[in-house]
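Trainee: Next one to model:
(chains A, B, C and D)
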There are 4 protein chains.
Amino acid sequence: MTAAADPAPAPLSLGRRALVEGLGAATLAAVVIGSGVMATRLSDDVGVQLLMNAIATVFALFVLIAALGGLSGAHLNPAVTLVMLALRRTGPVDAAVYIPAQVAGCLAGAALANLMFGLPVVAISTTDRAEPATLLAEVVATAGLIAVILLLARQGRDALIAPAVAAYIGAAYFFTSSTSFANPAITIGRIASDTFAGIAPASAGPFIVAQLVGAAIAVGVALALAPRAAMARATTAAPPAEAARA
Amino acid sequence: MTAAADPAPAPLSLGRRALVEGLGAATLAAVVIGSGVMATRLSDDVGVQLLMNAIATVFALFVLIAALGGLSGAHLNPAVTLVMLALRRTGPVDAAVYIPAQVAGCLAGAALANLMFGLPVVAISTTDRAEPATLLAEVVATAGLIAVILLLARQGRDALIAPAVAAYIGAAYFFTSSTSFANPAITIGRIASDTFAGIAPASAGPFIVAQLVGAAIAVGVALALAPRAAMARATTAAPPAEAARA
Amino acid sequence: MTAAADPAPAPLSLGRRALVEGLGAATLAAVVIGSGVMATRLSDDVGVQLLMNAIATVFALFVLIAALGGLSGAHLNPAVTLVMLALRRTGPVDAAVYIPAQVAGCLAGAALANLMFGLPVVAISTTDRAEPATLLAEVVATAGLIAVILLLARQGRDALIAPAVAAYIGAAYFFTSSTSFANPAITIGRIASDTFAGIAPASAGPFIVAQLVGAAIAVGVALALAPRAAMARATTAAPPAEAARA
Amino acid sequence: MTAAADPAPAPLSLGRRALVEGLGAATLAAVVIGSGVMATRLSDDVGVQLLMNAIATVFALFVLIAALGGLSGAHLNPAVTLVMLALRRTGPVDAAVYIPAQVAGCLAGAALANLMFGLPVVAISTTDRAEPATLLAEVVATAGLIAVILLLARQGRDALIAPAVAAYIGAAYFFTSSTSFANPAITIGRIASDTFAGIAPASAGPFIVAQLVGAAIAVGVALALAPRAAMARATTAAPPAEAARA
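Mentor: Alright, predicted model coming up:
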């Protein structure tokens, strides 16, 4: 039923798509956290550290969306899944399966990063990050991310979503004071590593609220800028739509 | 009427397109200024600071032009709008609305960047930048930017404008002594932040004059190199033209 | 006979394709090792060193796969060739010629890098790298590399393989504690240079075993996520398949 | 006559194409030299300096080839022009006009860079660079550059030449001990600036000889790897060929 609701459904079963979301989210979390550990081990210049962390994330996002977009839609982010649910691009059953898969994946990815660097499998982060300025930053960061996805999808430019999302997060690492988490699942995963990219549990809740506020704002902005039927072309899975045009 | 003058008019109303220009310019200003604040907070190496500032700007320009080009043309820059007006690619009413939207957007983006980093909403910059060498640099920087846009548009290679403009500014950050403002609206926005990317009001005027001189030179160069009717294919909004060819 | 088994055979003889693999592998090894030498000569910040090493490798991988993919398939990596052999995308004779060409190429590339920097042609590395965490990292790094290639090929998105493999390795340099060798031939080549990118002989064996384990895991994952006949479209040589569709 | 010999002649007169080559070469030289000055003024870490220099050059090469390739072929390099002449892709009259335009452009670009940074218009470099290791590096660097261009052209993948050449030089900045000049006109231009990117006159001659040796080797390699008629599709001006296929 949810599959029938998708205009360009991926040919994979929901179980396989959830596995794709979980593995993709795990990889993303391992990249974000692992590159943060590498950065602090190799440099004392925090600017150089953030460059390493950001560049690794940009590259990973491009690869993950390019390789997995045609399989599961490559949401990798509960904020994206909830927006797609609100816009009826993803069904409620799919969303109810995707989001736990994303969260579980990010926790597994955090554990993997810890192991790859010889750290305890799980260590709760002690980095407090929530303050008014960083929460505003998370609103802005997530609003921008969702707006980029929706505006490109609305224009049928799905092939640009992989490089554009990667580039957007690359910019957001630097122009937001929070370094742009912009993803509730990654935020939860980052709790589990007491390293450069970690976040204390008490900060994670406010961050996630800010992210969801940002996502809601982005939906409003995108609908205001693109109020017409063309919006219906926005699809969960970019590459099938792209293939259909070819 | 202005819409009728556009060979490939965007389907959005002028009001919506102005909103797109304003939001896009605000995002660009927030990126330029915000990443500058982040850079000075994290590193003592000014080279690393400029790398962070430049990389964030490159990524943002690519995303903004890719996502907004099909909506408003993604000028985001009064120099671009004035050139399009001079070449009759944008009508006078559109230009009269776009430019204030760009300037207001950049001021809003500066305020947003200040807020995201816990700074006063507005703080007038005290960084003097105008001197003969940097003014020459702004002429060169803006001439190159406009030449890239016009030469690609003249050849019908609109899909390359987003990556090429981003890459051009990425180079210009480093090869011009001014770090390449190349945009009167961004120059005004930068007045409102007394941080790494700021510019003192007394320097802004000469910078803007230099930028407009550069833009005029670029129009001359592009017409000299591309004197024929093919030039007429240059369009305000790249993506619709691109879509029309598909 | 092997050529007949290839669904989209490159029009070059096996000898010429082996030469392409050898020259490509030599270039890749020269880039990896040479940029490591440059990095340690120019900077004392190990983070900056790894940025230089990684950026050079990313650029080289993109160029090599884009330029050589249509000639030999641009495996440049015995793990890739063995996976293609297991999936019957490459015949056993081709594989038996490709792998020695890749290893010989990487050794020649190491010698070339040494010579370009005024070092002895061959110097056995003394850098011990094998430990549980780095071996886990090599499993992960190689699994990700092979998964990216197989998933893109399975979806007929061969044109994305060059940028995606480059970007993947760019991320893996930072998020894996081993800095992601992910290639048995490069691992052997790195033995021959006692510099930043080198690896002691005693560590090379365990690294290669970990890489092959990772490759095997990736095949299992890709088959699990993509169990159907579409998989048969994965080809040794991406560009011819791409050209055939055009 | 030369125009008639071109399989996909650019529609511009030789005079206009020479102007394009000159302006393009001037821009390239200004980027290489200007970003070098910026780098040494902002950072004390030579690795960071080379990152700035290399990134600026990569971005500029991509933009210049993308924007000018359809106008003049965007050789911007006497080694490229001589190779195209040897392969009968460019006529002797065109070559005799292109090469002086490239050299004059690079000298003008050096002067512009000096002026933009408040330096004397011309200052002869005192940086000795010629030694056996760096000359070998120039042979390798130029051979790789020419091989990338010829192999992509031979396969009809002209649209990849702009990003591939940019990426190749980005790698070569780091993996060659000479930082990869790979261009006789740029080498001459660099004589005129006594800054980070400069080269003493006594070193320029040996560098240029090494570059031409590398170019000749690349022609041999490309013909060996691609011996057939398909080679005839290599064209002076990439984009027209690309446009013809569209």
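Trainee: Surely A:A210 touches A:V140?
Mentor: No - A:A210 is not in contact with A:V140 according to CB atoms under 8 Å; the separation is 9.1 Å. Where C-beta positions appear, they are placed from N, C-alpha and C, glycine not excepted.
Trainee: Which neighbours do those two have in common?
Mentor: Residues touching both A:A210 and A:V140 (CB atoms under 8 Å, 6 or more residues apart in numbering or on different chains): none.
Trainee: Centroid-nearest residue for chain A?
Mentor: Nearest to the geometric centre of chain A sits A:N77, at 3.9 Å (CA atoms, centre = their mean).
Trainee: now it, nearest residue through space, not along the chain?
Mentor: Closest residue to A:N77 in three dimensions, ignoring its sequence neighbours and counting by CB to CB, 6 or more residues apart in numbering or on different chains: A:N183, at 4.3 Å.
Trainee: What's the local residue count around that neighbour?
Mentor: The number of residues packed near A:N183 is 30, by other CB atoms under 10 Å in any protein chain shown.
Trainee: before we move on, what about the one 3 residues further on?
Mentor: A:I186: 28 surrounding residues under other CB under 10 Å.
Trainee: Please give me every residue in contact with it.
Mentor: By CB under 8 Å, 6+ apart, the neighbours of A:I186 are A:25, A:28-29, A:32, A:77, A:106.
Trainee: list the buried ones in the host helix or strand of it?
Mentor: Secondary structure assignment for A:I186, by DSSP states H and E: helix A:184-191. For helix A:184-191, burial by neighbour count (16 or more other CB atoms under 10 Å in any protein chain shown) applies to A:184-191.
Trainee: can you map out the helices along chain A?
Mentor: Under the criterion DSSP state H, chain A contains helices at A:2-5, A:14-42, A:46-72, A:78-86, A:92-116, A:132-154, A:161-175, A:184-191, A:201-225, A:238-245.
Trainee: so where is chain A shaky, pLDDT-wise?
Mentor: A:1-10, A:227-246 (pLDDT under 70).
Trainee: Tell me the residue of it that sits nearest chain D?
Mentor: A:V48 (8.3 Å; CB to the nearest CB).
Trainee: How about that residue, nearest residue that isn't a chain neighbour?
Mentor: C:G47 (4.3 Å).
Trainee: neighbours of the one you found, just the number please.
Mentor: By other CB under 10 Å, the residues close to C:G47 number 24.
Trainee: Equivalent analysis for A:V93, please.
Mentor: 13.
Trainee: What distance do you get for A:S178 to C:C106?
Mentor: Remark: distance between A:S178 and C:C106 (CB to CB, to the nearest Å) = 43 Å.
Trainee: which of the two has more neighbours?
Mentor: With neighbours defined as other CB under 10 Å, A:S178 and C:C106 compare such that C:C106 has more, 32 against 26.
Trainee: So that one is in contact with C:L23, correct?
Mentor: No - counting by CB under 8 Å, C:C106 does not reach C:L23; the two are 11.2 Å apart.
Trainee: Could I get the phi/psi values of A:I124?
Mentor: Dihedral angles of A:I124 (phi, psi; degrees, to the nearest 10) stand at phi -70, psi 130.
Trainee: quick one: it from chain C, how far?
Mentor: Distance, A:I124 to chain C, by CB to the nearest CB, to the nearest Å: 21 Å.
Trainee: Also A:V103?
Mentor: 20 Å.
Trainee: give the contact list for A:A110.
Mentor: Here A:A110 is in contact with A:29-30, A:33, A:122, A:189-193 (CB under 8 Å, 6+ apart).
Trainee: A:T179 versus the closest residue to A:P92 other than its chain neighbours, what's the distance?
Mentor: Sequence neighbours aside, A:L85 is the residue nearest to A:P92 in space, at 6.5 Å (criterion: CB to CB, 6+ apart). Here A:L85 is placed at a distance of 27 Å from A:T179 (CB to CB).
Trainee: what does A:I99 give?
Mentor: 23 Å.
Trainee: what does A:I188 give?
Mentor: Distance from A:I188 to A:T179, by CB to CB: 16 Å.
Trainee: What of A:R129?
Mentor: A:R129 sits 9 Å away from A:T179, taking CB to CB as the criterion.
Trainee: next one: A:G170
Mentor: 11 Å.
Trainee: and if you look at A:F59?
Mentor: Going from A:F59 to A:T179 by CB to CB gives 17 Å.
Trainee: hang on, the earlier thing: identify the contacts common to A:G170 and A:T179.
Mentor: Taking CB under 8 Å, 6+ apart as the contact criterion, A:G170 and A:T179 have no common neighbours.
Trainee: The closest residue to A:A185 other than its chain neighbours: what's it in contact with?
Mentor: Of all residues not flanking A:A185 in the chain, A:Q102 sits nearest, at 4.0 Å (CB to CB, 6+ apart). Neighbour list for A:Q102: A:21-22, A:25, A:75-78, A:81, A:185 [criterion: CB under 8 Å, 6+ apart].
Trainee: can you check A:I169 too?
Mentor: By CB under 8 Å, 6+ apart, the neighbours of A:I169 are A:54, A:57-58, A:61, A:145, A:180, A:182.
Trainee: So which of the residues you listed is the closest to D:L135?
Mentor: Relative to D:L135, the closest of the contacts of A:I169 is A:V58; by CB to CB it sits at 36.7 Å.
Trainee: show me what contacts the nearest residue to that closest one once chain neighbours are set aside?
Mentor: Computed as CB to CB, 6+ apart, the closest residue to A:V58 that is not its neighbour in sequence is A:G170, at 4.0 Å. Contacts here follow CB under 8 Å, 6+ apart; on that basis A:G170 touches A:54-55, A:57-58, B:55-56, B:59.
Trainee: Same question for A:L51.
Mentor: Contacts of A:L51 (CB under 8 Å, 6+ apart): B:48, B:51-52, B:55, C:47, C:51.
Trainee: With A:A18 instead?
Mentor: Taking CB under 8 Å, 6+ apart, we find A:A18 in contact with A:72, A:97-98, A:101.
Trainee: most surrounded residue in those?
Mentor: A:Y98 (31 neighbours).
Trainee: thought that residue was touching A:L76?
Mentor: No - taking contacts as CB under 8 Å, A:Y98 lies outside contact range of A:L76: 9.3 Å.
Trainee: anything in contact with each of the two?
Mentor: Any residue near both A:Y98 and A:L76 by CB under 8 Å, 6+ apart counts here, and that gives A:E21.
Trainee: For chain A, give the residue positioned nearest to chain C.
Mentor: A:S43 (2.7 Å).
Trainee: didn't that residue look like it was pressed against C:Q49?
Mentor: No - assessed by CB under 8 Å, A:S43 is found out of contact with C:Q49, at 9.1 Å.
Trainee: residue contacts, A:L71?
Mentor: Contacts of A:L71 by CB under 8 Å, 6+ apart are A:10, A:12, A:16-17, A:20, A:237, C:151, C:155, C:225-226.
Trainee: again, but for A:A166
Mentor: Counted by CB under 8 Å, 6+ apart, A:A166 has contacts A:58-59, A:61-62, A:65.
Trainee: measure it to B:G91 for me?
Mentor: For A:A166, the distance to B:G91 (CB to CB) stands at 36 Å.
Trainee: and A:T176, what are its phi and psi?
Mentor: phi -110, psi 140.
Trainee: Would you check how far apart it and B:V31 are?
Mentor: For A:T176, the distance to B:V31 - CB to CB - is 9 Å.
Trainee: A:V32 too?
Mentor: Where B:V31 is concerned, A:V32 sits at a distance of 20 Å (CB to CB).
Trainee: How about A:V209?
Mentor: Distance from A:V209 to B:V31, by CB to CB: 24 Å.
Trainee: Who has more neighbours out of these two?
Mentor: Set A:V209 next to B:V31 and count neighbours by other CB under 10 Å: B:V31 wins out with 29 against 15.
Trainee: which residues touch the more buried one?
Mentor: Counted by CB under 8 Å, 6+ apart, B:V31 has contacts A:171, A:174-175, B:56-57, B:60, B:109.
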